[in-house]
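Asker: need a 3D model of the following:
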Amino acid sequence: MDLLLWILALGALLLGLLGLALPLLPGSPLLFGGAWLLAWLDDYQRVGGWTVALIGVLALLAWAIDYVAAVVGVKKAGASKQAMLGAGLGALLGLPLGLIGLIGGPVLGAMLGEYLARKDEAQAGKAGLAAGLAFVVAMAFKLGLGIAMLVVLAFAYFV
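Answerer: Residues are numbered from 1 along each chain as shown. Sure, this is the predicted structure:
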(Lines give C-alpha, C1' and ligand atoms only; values in the text may rest on other atoms or scores of the structure.)
Protein backbone atom coordinates (compact mmCIF):
# COMPACT_ATOMS: atom_id res chain seq x y z
CA MET A 1 0.00 0.00 0.00
CA ASP A 2 2.83 2.40 0.84
CA LEU A 3 4.45 1.79 -2.54
CA LEU A 4 1.20 2.72 -4.27
CA LEU A 5 1.01 5.97 -2.27
CA TRP A 6 4.62 6.82 -3.16
CA ILE A 7 3.86 6.24 -6.83
CA LEU A 8 0.72 8.37 -6.50
CA ALA A 9 2.70 11.19 -4.88
CA LEU A 10 5.41 11.16 -7.53
CA GLY A 11 2.79 10.91 -10.28
CA ALA A 12 0.96 13.92 -8.86
CA LEU A 13 4.22 15.89 -8.87
CA LEU A 14 4.93 14.96 -12.49
CA LEU A 15 1.38 15.67 -13.67
CA GLY A 16 1.39 18.91 -11.67
CA LEU A 17 4.51 20.10 -13.44
CA LEU A 18 2.95 19.25 -16.79
CA GLY A 19 -0.28 20.94 -15.72
CA LEU A 20 1.46 24.27 -15.28
CA ALA A 21 1.89 24.42 -19.04
CA LEU A 22 -1.04 22.32 -20.25
CA PRO A 23 -4.61 23.47 -19.79
CA LEU A 24 -7.19 21.22 -18.18
CA LEU A 25 -4.61 19.71 -15.80
CA PRO A 26 -4.71 21.46 -12.41
CA GLY A 27 -0.96 21.95 -12.11
CA SER A 28 -0.63 23.82 -8.83
CA PRO A 29 -3.07 21.66 -6.85
CA LEU A 30 -1.43 18.49 -8.15
CA LEU A 31 2.02 19.74 -7.19
CA PHE A 32 0.81 20.68 -3.74
CA GLY A 33 -1.03 17.38 -3.31
CA GLY A 34 2.03 15.39 -4.32
CA ALA A 35 4.26 17.37 -1.96
CA TRP A 36 1.82 17.00 0.91
CA LEU A 37 1.49 13.26 0.30
CA LEU A 38 5.29 12.83 0.30
CA ALA A 39 5.51 14.75 3.58
CA TRP A 40 2.70 12.70 5.11
CA LEU A 41 4.19 9.39 3.99
CA ASP A 42 7.38 10.28 5.83
CA ASP A 43 5.50 11.47 8.94
CA TYR A 44 6.72 15.02 8.23
CA GLN A 45 10.26 14.01 9.22
CA ARG A 46 12.00 15.36 6.12
CA VAL A 47 9.35 17.76 4.84
CA GLY A 48 7.81 19.57 7.79
CA GLY A 49 4.57 21.45 8.18
CA TRP A 50 6.14 24.85 7.49
CA THR A 51 7.59 23.57 4.25
CA VAL A 52 4.22 22.16 3.20
CA ALA A 53 2.64 25.52 4.08
CA LEU A 54 5.21 27.39 1.97
CA ILE A 55 4.57 25.07 -0.97
CA GLY A 56 0.84 25.68 -0.44
CA VAL A 57 1.32 29.45 -0.62
CA LEU A 58 3.34 29.08 -3.83
CA ALA A 59 0.60 26.83 -5.24
CA LEU A 60 -2.07 29.42 -4.42
CA LEU A 61 -0.05 32.13 -6.14
CA ALA A 62 0.42 29.99 -9.24
CA TRP A 63 -3.29 29.16 -9.32
CA ALA A 64 -4.34 32.80 -8.88
CA ILE A 65 -2.12 33.94 -11.75
CA ASP A 66 -4.45 32.23 -14.22
CA TYR A 67 -7.36 34.35 -13.13
CA VAL A 68 -5.76 37.75 -12.73
CA ALA A 69 -3.13 37.82 -15.48
CA ALA A 70 -5.44 38.84 -18.31
CA VAL A 71 -7.11 41.55 -16.24
CA VAL A 72 -3.78 43.03 -15.12
CA GLY A 73 -2.35 42.88 -18.64
CA VAL A 74 -5.35 44.67 -20.11
CA LYS A 75 -5.24 47.30 -17.38
CA LYS A 76 -1.55 47.98 -18.10
CA ALA A 77 -2.47 48.58 -21.73
CA GLY A 78 -4.77 51.41 -20.64
CA ALA A 79 -7.96 49.60 -21.57
CA SER A 80 -11.37 50.32 -20.11
CA LYS A 81 -12.99 48.60 -17.14
CA GLN A 82 -15.26 46.81 -19.59
CA ALA A 83 -12.19 45.32 -21.30
CA MET A 84 -10.81 44.16 -17.94
CA LEU A 85 -14.17 42.62 -17.09
CA GLY A 86 -14.31 41.00 -20.53
CA ALA A 87 -10.80 39.55 -20.12
CA GLY A 88 -11.68 38.13 -16.71
CA LEU A 89 -14.96 36.63 -17.91
CA GLY A 90 -13.26 35.34 -21.04
CA ALA A 91 -10.63 33.59 -18.91
CA LEU A 92 -13.29 31.87 -16.83
CA LEU A 93 -15.48 30.93 -19.78
CA GLY A 94 -12.51 29.78 -21.85
CA LEU A 95 -11.15 27.33 -19.27
CA PRO A 96 -13.32 24.37 -20.35
CA LEU A 97 -12.29 24.84 -23.99
CA GLY A 98 -8.65 23.91 -23.45
CA LEU A 99 -5.70 25.86 -24.81
CA ILE A 100 -7.74 27.70 -27.41
CA GLY A 101 -10.22 28.89 -24.79
CA LEU A 102 -7.50 29.66 -22.29
CA ILE A 103 -5.80 32.04 -24.70
CA GLY A 104 -8.74 33.06 -26.87
CA GLY A 105 -11.23 33.68 -24.06
CA PRO A 106 -9.36 36.57 -22.44
CA VAL A 107 -8.29 37.97 -25.81
CA LEU A 108 -11.81 37.99 -27.26
CA GLY A 109 -13.34 39.13 -23.97
CA ALA A 110 -10.95 42.06 -23.73
CA MET A 111 -11.52 43.01 -27.35
CA LEU A 112 -15.29 42.83 -27.03
CA GLY A 113 -15.34 44.78 -23.76
CA GLU A 114 -13.07 47.49 -25.14
CA TYR A 115 -15.04 47.79 -28.36
CA LEU A 116 -18.33 48.08 -26.46
CA ALA A 117 -16.81 50.76 -24.24
CA ARG A 118 -15.07 52.92 -26.86
CA LYS A 119 -16.20 51.76 -30.33
CA ASP A 120 -12.54 51.86 -31.42
CA GLU A 121 -11.26 48.81 -33.31
CA ALA A 122 -7.59 49.74 -32.86
CA GLN A 123 -7.93 50.12 -29.10
CA ALA A 124 -9.92 46.88 -28.93
CA GLY A 125 -7.10 45.10 -30.78
CA LYS A 126 -4.57 46.59 -28.38
CA ALA A 127 -6.57 45.31 -25.40
CA GLY A 128 -6.78 41.84 -26.97
CA LEU A 129 -3.05 41.77 -27.67
CA ALA A 130 -2.35 42.78 -24.07
CA ALA A 131 -4.54 39.93 -22.82
CA GLY A 132 -2.69 37.45 -25.05
CA LEU A 133 0.72 38.67 -23.89
CA ALA A 134 -0.46 38.47 -20.30
CA PHE A 135 -1.22 34.78 -20.86
CA VAL A 136 2.36 34.14 -21.96
CA VAL A 137 3.80 36.08 -19.02
CA ALA A 138 1.45 34.26 -16.62
CA MET A 139 2.59 30.89 -17.95
CA ALA A 140 6.23 31.87 -17.36
CA PHE A 141 5.39 32.92 -13.78
CA LYS A 142 3.45 29.70 -13.16
CA LEU A 143 6.34 27.60 -14.41
CA GLY A 144 8.72 29.56 -12.22
CA LEU A 145 6.53 29.08 -9.17
CA GLY A 146 6.13 25.38 -9.96
CA ILE A 147 9.87 24.93 -10.20
CA ALA A 148 10.25 26.86 -6.93
CA MET A 149 7.78 24.47 -5.30
CA LEU A 150 9.81 21.48 -6.48
CA VAL A 151 13.09 23.07 -5.37
CA VAL A 152 11.68 23.76 -1.89
CA LEU A 153 10.40 20.18 -1.71
CA ALA A 154 13.69 18.68 -2.92
CA PHE A 155 15.73 20.86 -0.56
CA ALA A 156 13.58 19.87 2.42
CA TYR A 157 13.57 16.21 1.46
CA PHE A 158 17.22 15.69 0.55
CA VAL A 159 19.15 18.28 2.58
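Asker: the helices in this structure, which residues?
Answerer: Counting by DSSP state H, the chain forms helices over residues 2-19, 27-41, 49-76, 81-94, 98-118, 121-158, given from the N-terminal end onward.
Asker: for the third one, name the packing helices and strands.
Answerer: If contacts are counted by 3 or more Cβ pairs under 8 Å, 6 or more residues apart in numbering; DSSP states H and E, helix 49-76 sits against helix 27-41, helix 81-94, helix 98-118, helix 121-158. The way it works is simple: take the backbone N, C-alpha and C, and place the C-beta from them, glycine included.
Asker: how about 10 Å then?
Answerer: With contacts defined as 3 or more Cβ pairs under 10 Å, 6 or more residues apart in numbering; DSSP states H and E, helix 49-76 has these neighbours: helix 2-19, helix 27-41, helix 81-94, helix 98-118, helix 121-158.
Asker: I'd like the helices of the chain as JSON lines, with mean pLDDT and mean neighbour count appended.
Answerer: Rendered in JSON lines, the data for the helices of the chain read as follows (pLDDT from 0 to 100; neighbours: other Cβ atoms under 10 Å):
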{"stretch": "helix 2-19", "mean pLDDT": "92", "mean neighbour count": "15"}
{"stretch": "helix 27-41", "mean pLDDT": "95", "mean neighbour count": "22"}
{"stretch": "helix 49-76", "mean pLDDT": "86", "mean neighbour count": "19"}
{"stretch": "helix 81-94", "mean pLDDT": "84", "mean neighbour count": "23"}
{"stretch": "helix 98-118", "mean pLDDT": "85", "mean neighbour count": "22"}
{"stretch": "helix 121-158", "mean pLDDT": "89", "mean neighbour count": "18"}
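Asker: redo the helices and strands packed on helix 49-76 as TSV? Include distance to Val72.
Answerer: As requested, the helices and strands packed on helix 49-76 are arranged in TSV below (distance: least, Cβ to Cβ, whole Å):
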stretch	distance to Val72
helix 2-19	22
helix 27-41	18
helix 81-94	9
helix 98-118	11
helix 121-158	6
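Asker: and those helices: which comes nearest Ile65?
Answerer: In this view, the helices and strands packed on helix 49-76 are compared for proximity to Ile65 by Cβ to Cβ, and helix 121-158 is the closest at 4.7 Å.
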